[in-house]
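A.B. asks: Here is a sequence together with a model predicted from it:
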Amino acid sequence: MPTLFVNASQIVTCAGPARARRGAEMRDMQVLSDGAVVVDAGKVIATGPQADLARQYPNASQIDCARGVLTPGLVDSHTHGIFGKPRHAEQELRASGVGYMEIAKQGGGIHGSVRDLRSRSEDELFHLALGRIRRLAAHGTTTLELKSGYGLSLEDELKSLRVIRRLAAASPLRIIATFLGAHEIPLEFRATPRTRDEYVALIVNEMIPRVAAESLATFADIFCEPGVYTLAESRHILTAARGAGLGIKLHADELEPGGGAELAAELGATSADHLAAVSDGGIKALAGAGTVATLLPGTMMFLGRTKQAPARAFIDAGAAVALATDFNPGTSPTVNFPLMLTLAVSQLHLSVAEAVTAATVNGAAALGLAHETGQIAPGMSADLALFDIGDIRELPYWYGDHRCARSWVRGIACHDPGADGNFTLLQPASAI
Ligand code: NIG
Ligand code: FE
């Protein structure tokens, strides 16, 4: 039986082509007043004036949106949610002047999370991540990418990806897994240049084939950055990943310019992420290649860096910009996606329509899911978020607040006040 979503003050549909919106296309988010949405069998089947749809579907059950704003569920296309303990000590260290890369050189940063994750069981990691996913969902995220990358050994990377697979089966969210074995060079492979090469060989010859054979990830990613993976290593690893059937993504030009964006374009990556230090040539290359530029303003803010990614230049060049939280224990420990919209408007100088497009339809495109989610339109999955505001412009405005009242994925309740504002597992955790 169909369900009719009624009584919303606005419905922001982002309806349009089922692909990334580029440049000026990002300015059109499509707002319906007095509208309604009809959902059946997990999909949107109609949108339009409420009076018409109520007449057309007289037997539909109704969900009262209580004059809130209904949007496509938010698509967080870049997170590192599989880790053990938080790394709060590093925040104070950075405040005292020790840089992010300096902390990593001293064996902290990502290396600290690697030591910690290796010592934990799959079950423990699953339950830690499940709690975090509930908090991400509580802010309106309905599609979530999760990366491995704190294992950095064959077994620990597979363990992390299995946790993601269990989360995808247990939680109502749509979850996409990314293999990030190339997050760092692990400390035990650093004695000589040869052993660094051995780790790259381990990724290419053992990790990628296992990940692909067990269908444990949709994408492979790499931290391509001066001081981490070189351009040549990145090209080698990502070419192998693509050959094994994985989509490709890059952490590119996050802290220093290094040609990562140009490489992403050359390889036809689905997305290049971070880009705070991208070159002008990198901006043009990404726009030309149609690679989504995923910007993560929370990371730069949390690291205390003043330089944000040049979002306006990307849009002016005709690129597709997405936004994501980069949720991770080192550089962006936030679950609050609407806060990223605030930063996008206030620091990246996006309009609200551009920011909403970046957080929905372009996030979906950054995961190869633009045909399925990111907009409220007939044929799309019924992935919806309801916010307790009267105008979409209030979403970035009430910054740091919690305004998501409810959400649905495939028409099934996700963030749900009926379950104490949490979601109900699709299967009991013990059964997975
Ligand atoms: O996206 N840059 C690499 N990876 C993460 C940070 C990981 C960490 O510090 O734990 C990022 O910023
Ligand atoms: Fe990241």
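C.D. replies: Structure received. Numbering: from 1, shown residues only. Ligands and ions are numbered 1, 2, ... in the order given.
A.B. asks: What's the end-to-end length of stretch 390-404?
C.D. replies: Terminal residues of stretch 390-404 lie 12 Å apart, using CA to CA, to the nearest Å.
A.B. asks: meant to ask about stretch 195-210
C.D. replies: End-to-end span of stretch 195-210 (CA to CA): 21 Å.
A.B. asks: May I see the buried residues of it?
C.D. replies: By neighbour count on 16 or more other CB atoms under 10 Å, the buried set for stretch 195-210 is R196, Y199, V200, L202, I203, V204, M207, I208, R210. From N, CA and C alone the C-beta is placed, and that goes for glycine too.
A.B. asks: what's the next secondary structure element after the least confident helix or strand in the chain by mean pLDDT?
C.D. replies: Lowest on mean pLDDT, DSSP states H and E among the helices and strands of the chain sits helix 193-202, with a mean of 91. Per DSSP states H and E, the first helix or strand lying C-terminal to helix 193-202 is helix 208-213.
A.B. asks: name the helices or strands packed onto that following helix?
C.D. replies: Judged by 3 or more CB pairs under 8 Å, 6 or more residues apart in numbering; DSSP states H and E, helix 208-213 is in contact with helix 154-170, strand 174-182, helix 231-243.
A.B. asks: got the domain boundaries for the chain?
C.D. replies: Domain segmentation of the chain under automatic domain parsing yields 3-72+374-413, 74-365.
A.B. asks: so where do the strands sit in the stretch 251-400 of the chain?
C.D. replies: Along the stretch 251-400 of the chain, counting by DSSP state E, counting those that start in this stretch, strands occupy 271-274, 292-295, 321-323, 384-387.
A.B. asks: sorry, back to before: which secondary structure elements does the least confident helix or strand of the chain contact?
C.D. replies: The contact analysis (3+ CB pairs under 8 Å, 6+ apart) places helix 193-202 against helix 231-243.
A.B. asks: Can you name the residues in contact with the helix it packs on?
C.D. replies: 179, 182, 200, 203-204, 208, 220, 222, 224, 229, 248, 250, 258-260, 263, 266-267, 269 (CB atoms under 8 Å, 6 or more residues apart in numbering).
A.B. asks: Pull the distance from the helix or strand encompassing F5 to the chain's centre.
C.D. replies: Per DSSP H and E: F5 is located in strand 3-6. Centroid separation for strand 3-6 versus its chain: 28 Å, with CA atoms, centre = their mean, to the nearest Å.
A.B. asks: so which residue of the chain comes closest to ligand 1?
C.D. replies: G330 (2.2 Å; CB to the nearest ligand atom).
A.B. asks: isn't S271 right next to A293, touching?
C.D. replies: Yes - between S271 and A293 there is a contact at 7.4 Å, judged by CB atoms under 8 Å.
A.B. asks: Overlap in contacts, the two.
C.D. replies: A322.
A.B. asks: Can you get me a residue count around A191?
C.D. replies: 9 (other CB atoms under 10 Å).
A.B. asks: how about Y57, what does it touch?
C.D. replies: P2, L4, V38, A46.
A.B. asks: let's see it at 7 Å
C.D. replies: P2, L4, V38 (CB atoms under 7 Å, 6 or more residues apart in numbering).
A.B. asks: any idea of the pLDDT on it?
C.D. replies: We have a pLDDT of 98 for Y57.
A.B. asks: what does the stretch 251-400 of the chain put close to ligand 1?
C.D. replies: Applying CB under 6 Å from any ligand atom, we find that the stretch 251-400 of the chain lies next to ligand 1 at H251, E254, T299, D326, N328, P329, G330, T331.
A.B. asks: For the fourth one, give me phi and psi.
C.D. replies: Same thing as D326. Backbone torsions of D326, given as degrees, to the nearest 10, read phi 60, psi 20.
A.B. asks: dump the residue contacts of it.
C.D. replies: Shown in contact with D326 (CB under 7 Å, 6+ apart): H78, T79, L296, G298, T299, S332.
A.B. asks: Is the closest residue to L161 other than its chain neighbours in a helix, a strand, or coil?
C.D. replies: Counting by CB to CB, 6 or more residues apart in numbering, L161 lies nearest to L216, which is 3.9 Å off, once chain neighbours are set aside. Of the three states, L216 takes coil according to DSSP: H, G, I helix; E, B strand; the rest coil.
A.B. asks: still on that earlier bit, would you list the helices and strands packed on helix 208-213 in TSV and tack on distance to L70?
C.D. replies: TSV is the format used below for the helices and strands packed on helix 208-213 (distance: least, CB to CB, whole Å):
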stretch	distance to L70
helix 154-170	25
strand 174-182	18
helix 231-243	37
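A.B. asks: Can you tell me which of these is most buried?
C.D. replies: Most buried of the helices and strands packed on helix 208-213, by mean neighbour count (mean count of other CB atoms under 10 Å): strand 174-182, with a mean of 26.
A.B. asks: State the mean pLDDT of it.
C.D. replies: Strand 174-182 shows a mean pLDDT of 99.
A.B. asks: strands paired with it, and their directions?
C.D. replies: In the sheet, strand 174-182 lines up against strand 141-147 (parallel), strand 219-224 (parallel) (DSSP bridges).
A.B. asks: Give the full set of residues in contact with R22.
C.D. replies: Contacts for R22 (CB under 7 Å, 6+ apart) come out as G318, A319, A320.
A.B. asks: Out of those residues, which comes closest to C65?
C.D. replies: The shortest approach to C65 among these belongs to A320, at 29.3 Å (CB to CB).
A.B. asks: Assess the claim that the closest one and V292 are in contact.
C.D. replies: Yes - here A320 reaches V292: they are 4.8 Å apart, a contact under CB atoms under 7 Å.
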